[in-house]
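[1] please work out how this folds:
(2 chains)
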Number of protein chains: 2
Amino acid sequence: MGPHGDGDMEKVESESHRPISTVVFVIAMQAEAQPLVNKFGLSETSDSPLGKGLPWVLYQGLHKDLRIYVVCPGKDAALGIDSVGTVPASLITFASIQALQPDILINAGTCGAFKVKGANIGDVFLVSDVVFHDRRIPIPMFDLYGVGLRQAFSTPNLLKELNLKIGRLSTGDSLDMSTQDESLIISNDATLKDMEGAAVAYVAELLKVPVIFLKAVTDLIDGDKPAAEEFLQNLAMVTSALEETATKVINFIHGKTLSDL
Amino acid sequence: MGPHGDGDMEKVESESHRPISTVVFVIAMQAEAQPLVNKFGLSETSDSPLGKGLPWVLYQGLHKDLRIYVVCPGKDAALGIDSVGTVPASLITFASIQALQPDILINAGTCGAFKVKGANIGDVFLVSDVVFHDRRIPIPMFDLYGVGLRQAFSTPNLLKELNLKIGRLSTGDSLDMSTQDESLIISNDATLKDMEGAAVAYVAELLKVPVIFLKAVTDLIDGDKPAAEEFLQNLAMVTSALEETATKVINFIHGKTLSDL
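    Okay, the predicted model is just below:
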């Protein structure tokens, strides 16, 4: 979808010369967020600035002088399970940016991945760019809009320092993968598959906030096991790996400017 | 997903005894909105209360003493086409409810429909309830969350007075229909297919605002023509039919309470 407009670049430019002071993690599932919340001793806000009467959960705390927030969409009121997928992720990203004014967003979570693209269970990837694989609109320009290609904020020093794998992330609202999903994921040359990333990128671009993505592999799409089974089996181990990498990212970010990343 | 919780019902109850004063139309495409904007002489707000620097378009005006807003997601900054689909629709619904405090939301737009379920090109349906057909999550409870069944606000008098057809709406982010989409639409017994409705319903429930849906049929899913071709061919005629029905709805709503509907 191309780079930010001129105004956005000026904003990023002027802000890239002071140290990052506020980071917001957007995390879909409580189980993905909890290890990070525990590690940094974050506490749940009782009077959330994101709005009253919403299921959204906001944690906050300080790591040295870096303010860290973790926002989750929380439990579905009727079903009691985490509100995964693009719609709740979009809403909490929007409301968090408006209320918390972060310098940078980090969308962290689990994902599926292709072993033919070099992924293993437990790998934590930094995402190069994002697309959607379930928005097929076969009308000129609308087709590109549906794919929604967006770059993650470029962090070459972070990538090198943490020695992370890097790949393209493809987002859709299903945990499984239909034939049409698969052919779009392959034609878009994606390595990773999740249920929120490209929607978070859309909102970040709309509100002109840099965003990066940490995605930890719970299941191999081209492996032998059904995605749901493998996902549930590996969730605890993989969220622990995700927390370790997120901690390294926070330590790397501390004291740096956006352009240092 | 069941009815509103107790608190919501109390709110709806207390508000159902005073006349409706503010209506917000959520409309995905400019071409769908324009006839209604013209009909009621609505004017575009220059200093939008929905936020600065966003592509969103907000029209407002008065019909007698009824305040009418029309909100559209506007053009994609990079591609110049309307920002259709669930993510932008969710965001404008959220921001509109927060900023404009409507008594009722109306999601109006075009849709595909099944002729075997009694639909014809140009029909305007009132929606009974909504589901998603592209959120397959085969884990217990998550599967129901993905389907996201929600009731539209019940308006038996409006339905009778305007003699509208009624049916279930199924939402997904693609204009075309994959094999998996089709089997979910059929197993959910939906009559109509659109790209926003169930997401608007999700946000309306989250923020406890009654919502109804007016959906005008541009293409027959079980007809002979490709959806995109038929959609573009019928768009102008069908949006005119949509405006006529929306006008009747506004005239019916004027002076009534929620419980009169």
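
[2] in which helix or strand would I find the residue minimising distance to the centre of chain A?
    Centroid-nearest residue in chain A: A:Asn107, 2.2 Å away (criterion: Cα atoms, centre = their mean). Here A:Asn107 sits within strand A:104-113, counting by DSSP states H and E.

[3] hey, where'd the helices end up in the stretch 151-261 of chain A?
    Per DSSP state H, counting those that start in this stretch, the stretch 151-261 of chain A carries helices over the ranges A:156-162, A:179-187, A:197-206, A:227-253.

[4] among those, which is nearest B:Asp173?
    helix A:197-206 (10.1 Å; Cβ to Cβ). In short, each C-beta sits where N, CA and C put it, glycine included.

[5] sorry, back to before: how close does the residue nearest to the centre of chain A sit to chain B?
    14 Å (Cβ to the nearest Cβ, to the nearest Å).

[6] same thing with A:Ala108?
    19 Å.

[7] cool, and A:Ala28?
    A:Ala28 is 12 Å from chain B, by Cβ to the nearest Cβ.

[8] ok, that residue touching A:Gly74?
    No - counting by Cβ atoms under 8 Å, A:Ala28 stays clear of A:Gly74, with 10.2 Å between them.

[9] contact residues of the stretch 151-261 of chain A facing chain B?
    Counting by Cβ under 8 Å from any Cβ of the partner chain, the stretch 151-261 of chain A comes close to chain B at A:172-176, A:178-180, A:199, A:202-203, A:206-208, A:226, A:228, A:231-232.

[10] winner for burial among the helices of the stretch 151-261 of chain A?
    Greatest average neighbour count among those goes to helix A:197-206 (a mean of 27), per mean count of other Cβ atoms under 10 Å in any protein chain shown.

[11] and for A:Arg135, the neighbour number?
    28 (other Cβ atoms under 10 Å in any protein chain shown).

[12] buried ones in the strand or helix carrying A:Ile92?
    Using DSSP H and E, A:Ile92 sits in helix A:86-100. Neighbour-count burial for helix A:86-100, with 16 or more other Cβ atoms under 10 Å in any protein chain shown as criterion, is recorded at A:86-97, A:99-100.

[13] cool, stretch A:36-46 as well?
    Applying 16+ other Cβ under 10 Å to stretch A:36-46 flags A:Leu36, A:Val37, A:Phe40, A:Leu42 as buried.

[14] give me the phi and psi angles of the third one.
    Okay, so that is A:Phe40. phi -100, psi 10 (degrees, to the nearest 10).

[15] so it makes contact with A:Ile250?
    Yes - judged on Cβ under 8 Å, A:Phe40 makes contact with A:Ile250 at a distance of 7.3 Å.

[16] distance of A:Ile92 relative to A:Asp47?
    From A:Ile92 across to A:Asp47, the span is 17 Å (Cβ to Cβ, to the nearest Å).

[17] over to A:Val249?
    29 Å.

[18] kindly report the same for A:Val209.
    Distance from A:Val209 to A:Asp47, by Cβ to Cβ: 24 Å.

[19] pick out whichever of these two has more residues nearby.
    A:Val209 (22 against 6).

[20] mind checking pLDDT for that one?
    With respect to pLDDT, A:Val209 has a value of 98.

[21] how about it, phi and psi?
    Torsion angles, degrees, to the nearest 10, at A:Val209: phi -120, psi 130.

[22] who are the neighbours in contact with it?
    If a contact means Cβ atoms under 8 Å, 6 or more residues apart in numbering or on different chains, then A:Val209 has A:Ile97, A:Pro102, A:Asp103, A:Ile104, A:Leu105 as its contacts.

[23] need those in a markdown table (columns: distance to A:Gly61 and pLDDT).
    Listed next are those as a markdown table, based on distance: Cβ to Cβ, whole Å; pLDDT from 0 to 100:
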| residue | distance to A:Gly61 | pLDDT |
| --- | --- | --- |
| A:Ile97 | 19 | 97 |
| A:Pro102 | 14 | 98 |
| A:Asp103 | 16 | 98 |
| A:Ile104 | 17 | 98 |
| A:Leu105 | 17 | 98 |
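
[24] partner residues bridging A:Gln151?
    A:Gln151 has these beta-bridge partners by DSSP bridges: A:Asp129.

[25] that one is in contact with A:Val127, isn't it?
    No - contact criterion Cβ under 8 Å: A:Gln151 and A:Val127 do not qualify, at 9.5 Å.

[26] these two: who's more crowded?
    Taking neighbours as other Cβ under 10 Å, A:Gln151 and A:Val127 compare with A:Val127 leading, 26 against 16.

[27] which SS class is that one?
    Under DSSP: H, G, I helix; E, B strand; the rest coil, A:Val127 falls in the strand class.

[28] per-residue pLDDT, it?
    pLDDT, read off for A:Val127, is 98.

[29] contacting residues for it?
    A:Val127 touches A:Ala152, A:Ile166, A:Gly167, A:Arg168, A:Leu169, A:Leu192, A:Gly197, A:Ile212, A:Phe213, A:Leu214, A:Lys215, counting by Cβ under 8 Å, 6+ apart.

[30] list buried residues within these.
    A:Ala152, A:Gly167, A:Arg168, A:Leu169, A:Leu192, A:Gly197, A:Ile212, A:Phe213, A:Leu214, A:Lys215.

[31] tell me how far the ends of stretch A:54-72 are from each other?
    Across stretch A:54-72, the terminal residues are separated by 11 Å (Cα to Cα, to the nearest Å).
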